[in-house]
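1. How does the following fold in three dimensions:
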Amino acid sequence: GGMGARLVSFRAPAFSSHGLEQGANAPISKRAALGYVLALNHLLDASGARHFRQGIRLAGDTVLVLWTDGPAEESERFLSLVDPTLTELKRWAESSMPVDTLLRPGARLYGATLSGKEGRAVVRDMLEAQLAEVVSNVRSFHAQLRLGGAPSWPVPVWALLRSLEGRAGRELSPELATRFARCILTGEAFPAALLTAALTRMAGGDEDALHLETRAGLIRACLHRSGGAAASALGDVPGGTLPAPFVLGRLFAVLEQLDGGSGFRERHFARCSHTPSLAFPALLQRVASNARNRRELVATRDALVTELLGGTFPGYLNTEGQALVALGYAREAVFQTKSGSAPKRTRSAS
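-> Down below sits the predicted model:
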């Protein structure tokens, strides 16, 4: 009949070389088609607090469906680890149950990322892996997200995606969101475009501190996955020297609090994180007049300037340097939000 959507996983002209288009290019039996349609409808049904029973919404028309080869409860518990609801987050915070207790020996995980457009259900990605391996990857990702002494429970995919939304709630593209979700599950390095999106959003306007912390955690995870000098700087090395870009980020957060005006980050962050030698000296002069009766902050500012090789600022920072600036800023700003005061100096970029 003419009802429903065609499930396709190709769009290139070469796949139509024999005169067959879309679903007709790889026909299957009616019984097989009925089987996967009923299974997908079940997995995509709304259930309780979830929009999809076994799915994670990645974009307006894109969903990642996950299931195992075991009982339904196993799939549900895995989804609670990757993308917990608010109720489940509360349960995680109150429980110390290790994730490993959820694992069944030999269990396998399956995933399919689907998009619906113009009467087609497009398969963007597929995954098949050992459940234990994927759980290990997800746990490592959550550890990489953690800033300082942040809680150890999972960060939902929906929260991560919201922290990357642009103006007017503009979402990540379905392609980038799909790659992002796959990297969480497989442990692969995140695409450079994801780090760029996080840095661009960091330079945006003021918003909820939780979004700031989540976005900074994602930047931290990107650096960890990419390796190199920036990743090694995230380790806790007692007595070690913090990289200058991280200290610059801390200094920017202190200057923001001294300035006291709204929109400070939106006006100055991008320039300060790209060309510090041009931006910071002028900014230091600007906020000097607002430093009255803020002795603790002034002392922190002066200590940070001294730590930056006596006030010498880098001329230009690459993407990794900009990411470290963002982490330094978030570490300081989040601490100030939670404690209500300027933090003591620390020798850890984590």
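2. For the rest of this, base every contact and every neighbour count on C-alpha atoms.
-> Fine.
3. For this protein, which segments count as strands?
-> 6-8, 55-59, 62-68, 108-117, 120-130 (DSSP state E).
4. In CSV, list those strands along with mean neighbour count and mean pLDDT.
-> Formatted as CSV, the strands of the chain follow (neighbours: other Cα atoms under 10 Å; pLDDT from 0 to 100):
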stretch, mean neighbour count, mean pLDDT
strand 6-8, 18, 59
strand 55-59, 23, 93
strand 62-68, 23, 95
strand 108-117, 19, 90
strand 120-130, 16, 88
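5. what number of residues lie near residue 188?
-> 14 (other Cα atoms under 10 Å).
6. What distance do you get for the closest residue to it other than its chain neighbours to residue 170?
-> Closest residue to residue 188 in three dimensions, ignoring its sequence neighbours and counting by Cα to Cα, 6 or more residues apart in numbering: residue 225, at 7.2 Å. Residue 225 is 26 Å from residue 170, where distance means Cα to Cα, to the nearest Å.
7. Please apply the same query to residue 56.
-> From residue 56 to residue 170 the distance is 18 Å (Cα to Cα).
8. again, but for residue 54
-> On the measure of Cα to Cα, residue 54 and residue 170 end up 25 Å apart.
9. And for residue 333?
-> Residue 333 is 25 Å from residue 170, by Cα to Cα.
10. who has more neighbours, these two?
-> Taking neighbours as other Cα under 10 Å, residue 333 and residue 170 compare with residue 333 leading, 26 against 11.
11. just to revisit the earlier point, how about the strands of the chain in CSV, adding distance to residue 35?
-> As requested, the strands of the chain are exported to CSV (distance: least, Cα to Cα, whole Å):
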stretch, distance to residue 35
strand 6-8, 13
strand 55-59, 18
strand 62-68, 15
strand 108-117, 16
strand 120-130, 16
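12. residue ranges of the helices in the protein, please?
-> Secondary structure of the chain by DSSP state H: the helices cover 30-44, 72-82, 86-94, 131-145, 157-163, 174-186, 192-202, 209-226, 228-232, 244-259, 264-274, 276-288, 295-307, 319-339.
13. any idea of the mean pLDDT in the longest one?
-> Per-residue pLDDT over helix 319-339 has a mean of 83.
14. What count of nearby residues applies to residue 316?
-> 15.
15. cool, and residue 221?
-> Residue 221: 24 neighbours (other Cα under 10 Å).
16. Contact partners for it?
-> Applying Cα atoms under 8 Å, 6 or more residues apart in numbering, we find residue 221 in contact with 141, 144, 145.
17. could I get these as CSV with pLDDT and distance to residue 116?
-> Converted to CSV, the contacts of residue 221 look like this (pLDDT from 0 to 100; distance: Cα to Cα, whole Å):
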residue, pLDDT, distance to residue 116
141, 93, 29
144, 89, 32
145, 88, 31
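18. Pipe these into CSV and attach distance to residue 249 per row.
-> Output for these, formatted as CSV (distance: Cα to Cα, whole Å):
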residue, distance to residue 249
141, 23
144, 19
145, 18
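19. Looking at these, which is nearest residue 256?
-> For the contacts of residue 221, the closest approach to residue 256 (Cα to Cα) belongs to residue 145, at 24.3 Å.
20. Spatially nearest residue to the closest one (excluding sequence neighbours)?
-> Nearest to residue 145 is residue 217, by Cα to Cα, 6+ apart, at 4.1 Å.
21. Residue 42 now?
-> residue 53 (7.4 Å).
22. That neighbour: what's it in contact with?
-> 42, 43, 44, 45, 46, 47.
23. what about the closest residue to residue 329 other than its chain neighbours, neighbour count?
-> Leaving aside its sequence neighbours, residue 329 sits nearest to residue 249 (Cα to Cα, 6+ apart; 4.0 Å). Here the count is done by other Cα under 10 Å, and residue 249 has 26 residues near it.
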